[in-house]
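Enquirer: dropping a prediction and its sequence here:
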Amino acid sequence: MQEGAELIPSLSAVAAPGGLIADDVYCAFRDEIVAAARATEPDGIFLDLHGAIASESTNDCEGELMTALRQVVGPSVPIAACFDLHGNVTRRMMEASDICIACKENPHSDYHLAGDRAAELLVRTLRGEIVPVSSAVWVPAVLRSKLETGSGPLRDLHALRSRLMVEQRSVLDVSLFNCHSQLDAYPGGQCVTAVADGDPGAAAAAAETLARALWERRTEFAPDLPSLDDVLTDMRSGKLSGRPVILGDYGDRVLAGTPGDGTYILRTLATQWPELRVVAPVTAPDAVAAAKIAGSGGVLTCSVGGAFSPHEKPVVAEWRVGRLGDGNFVQRGPYLAGEPAVLGDCAVLHSGNLTVLATSRPGLTQDPEAFLSNGIDPAHYDVVVVKSGFHFKLSFSGIGPCIAIGTPGLSNVEGGMFPFRKRQRMWPEVADLEPELTATVFARR
């Protein structure tokens, strides 16, 4: 390592978002990481985490892991962690760590920068150059839309975040966590964290300033995604030029934890826009199994999609079976470049103007390699559907115009869709909230 540190690796595990992790899997991973810390007695600990992991027994897997590590290494060993900006920050995370930093961009193009910054501050702490003091303000609000950081209110809030670091030299980082809106865990909502060098007042002031600005602008995050009909009409009129058009299925985002079996776009294009050639991924294990029996080149009648998501409808048609595959590929990126991905057994199915990439598992299709690895060239279609709302824009931008559209589904959250029982009371579900946006300081060292 450039800083002269010896790196002692532990465990790396990645999975597509979804439901609760089985306890035996989570506990095995946690115990392996803690055992490595106990055996190696490191001078410092660096963690690369998401921040919104929940298992069958705990809604705060990261906080529990960090607490267990703290108990093993004692109070003097610094712990630094970098997170996805959709993490659910908890008191346990803040109490167990010295440095908590989120990536700053959505789509997430800066994971490596967040990791670099957390590692840099960890090394500086070990050298005695800084004494990190952290603060956090929890903002009880759920933001439903306008969540890209390069435009709209989040662009302005991140500009303020950057100014706060320039104006107060002791502030080492300010992070804005936009949470995972479907996670039923306390506290939930937005969280602003700040790290300062030995200056609790500066850390608190920075976090409070950004938290209050976020609260004041909360109504600006109203949904504004275009509809499918709007986009298709623009395509027909020539207002939207370029082919293919890449449509992000915002209501069925696998990266937000959905089953990926939504068929709204497929059904609309099949019945109302038969002149458009469309390819779309759909989680459909029964259709894949039937296609494997029929074999490549075979014909079968079966339903595709609508098996897991409530209120979704399957597409029933006569399908010609194209390529069959195992669903394993490596993402080309830039988002998650080099990471392996698994779709489960796959079948390419054709019917009329529809081509379906049927998968056995909810798949990460925000990367072109999900299609190319199954013999599908997105450039040969008019419309390419991906089960992503943000990150596909990084990887598909060179192929065609990328547009996230408002579709029905589990990841296009509306009030009352889920019976949240554990998270704190939230705006806009509780319209008259008057939160006390006061920072909690965590000066552990």
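Expert: Happy to help now that I have it. Residues are numbered from 1 along each chain as shown.

Enquirer: how about the helices of the stretch 101-250 of the chain, start to end?
Expert: Secondary structure of the stretch 101-250 of the chain, counting by DSSP state H, counting those that start in this stretch: helices at 111-126, 152-167, 200-216, 228-237.

Enquirer: quick one, which of the ones you listed is nearest to Thr438?
Expert: Closest to Thr438 of the helices of the stretch 101-250 of the chain is helix 200-216 (Cβ to Cβ; 6.8 Å). Just so you know, the C-beta spots here come from the backbone N, C-alpha and C atoms, and that holds for glycine as well.

Enquirer: for the closest one, packing partners?
Expert: strand 132-139, helix 152-167, strand 171-177, strand 190-197, strand 440-442 (3 or more Cβ pairs under 8 Å, 6 or more residues apart in numbering; DSSP states H and E).

Enquirer: can you lay out these as JSON lines showing mean pLDDT, mean neighbour count and distance to Ser309?
Expert: Conversion of these to JSON lines gives the following (pLDDT from 0 to 100; neighbours: other Cβ atoms under 10 Å; distance: least, Cβ to Cβ, whole Å):
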{"stretch": "strand 132-139", "mean pLDDT": "97", "mean neighbour count": "26", "distance to Ser309": "30"}
{"stretch": "helix 152-167", "mean pLDDT": "97", "mean neighbour count": "16", "distance to Ser309": "28"}
{"stretch": "strand 171-177", "mean pLDDT": "98", "mean neighbour count": "24", "distance to Ser309": "27"}
{"stretch": "strand 190-197", "mean pLDDT": "98", "mean neighbour count": "27", "distance to Ser309": "27"}
{"stretch": "strand 440-442", "mean pLDDT": "95", "mean neighbour count": "18", "distance to Ser309": "38"}
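
Enquirer: got these as JSON lines, with distance to Val315 columns?
Expert: Shown next, in JSON lines, are the helices and strands packed on helix 200-216 (distance: least, Cβ to Cβ, whole Å):
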{"stretch": "strand 132-139", "distance to Val315": "41"}
{"stretch": "helix 152-167", "distance to Val315": "34"}
{"stretch": "strand 171-177", "distance to Val315": "38"}
{"stretch": "strand 190-197", "distance to Val315": "38"}
{"stretch": "strand 440-442", "distance to Val315": "50"}
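
Enquirer: ok, Leu69 touching Ala37?
Expert: Yes. Between Leu69 and Ala37 a contact is recorded at 5.4 Å, counting by Cβ atoms under 8 Å.

Enquirer: one step back: and of the helices of the stretch 101-250 of the chain, who's closest to Phe308?
Expert: helix 228-237 (21.2 Å).

Enquirer: and that closest one, what does it pack against?
Expert: On a contact count with 3+ Cβ pairs under 8 Å, 6+ apart, helix 228-237 meets strand 245-249, helix 264-272, strand 402-405.

Enquirer: what strands line up against the last one, and which way round?
Expert: It stands for strand 402-405. Strand 402-405 has its sheet partners listed here by DSSP bridges as strand 245-249 (parallel).

Enquirer: now do the partner strand against helix 264-272, angle only.
Expert: 130 degrees (axes from the mean of the first three to the mean of the last three Cα atoms, to 10 degrees).

Enquirer: deepest-packed of the helices of the stretch 101-250 of the chain, please.
Expert: Among the helices of the stretch 101-250 of the chain, helix 200-216 has the highest mean neighbour count (mean count of other Cβ atoms under 10 Å), at a mean of 21.

Enquirer: chain center to it: distance?
Expert: The chain centroid and the centroid of helix 200-216 are separated by 25 Å, computed with Cα atoms, centre = their mean, to the nearest Å.

Enquirer: thinking again about what came up before, for Leu69 and Ala37, indicate the residue with more neighbours.
Expert: For the pair Leu69 and Ala37, the greater number of neighbours falls to Leu69 (23 against 20), based on other Cβ atoms under 10 Å.

Enquirer: can I assume the more buried one sits in a strand?
Expert: No. Using DSSP: H, G, I helix; E, B strand; the rest coil, the assignment for Leu69 is helix, not a strand.

Enquirer: contacts only, for it.
Expert: Leu69 sits next to 33-34, 37, 45, 47, 79, 96 when contact means Cβ atoms under 8 Å, 6 or more residues apart in numbering.

Enquirer: what subset of these is buried?
Expert: 33-34, 37, 45, 47, 79, 96 (16 or more other Cβ atoms under 10 Å).

Enquirer: nearest to Ala317 among the helices and strands packed on helix 200-216 would be which one?
Expert: Nearest of the helices and strands packed on helix 200-216 to Ala317, taken as Cβ to Cβ: helix 152-167 at 39.5 Å.

Enquirer: quick one: the closest one to helix 200-216, angle?
Expert: Using the same axes, to 10 degrees: helix 152-167 against helix 200-216 is 160 degrees.
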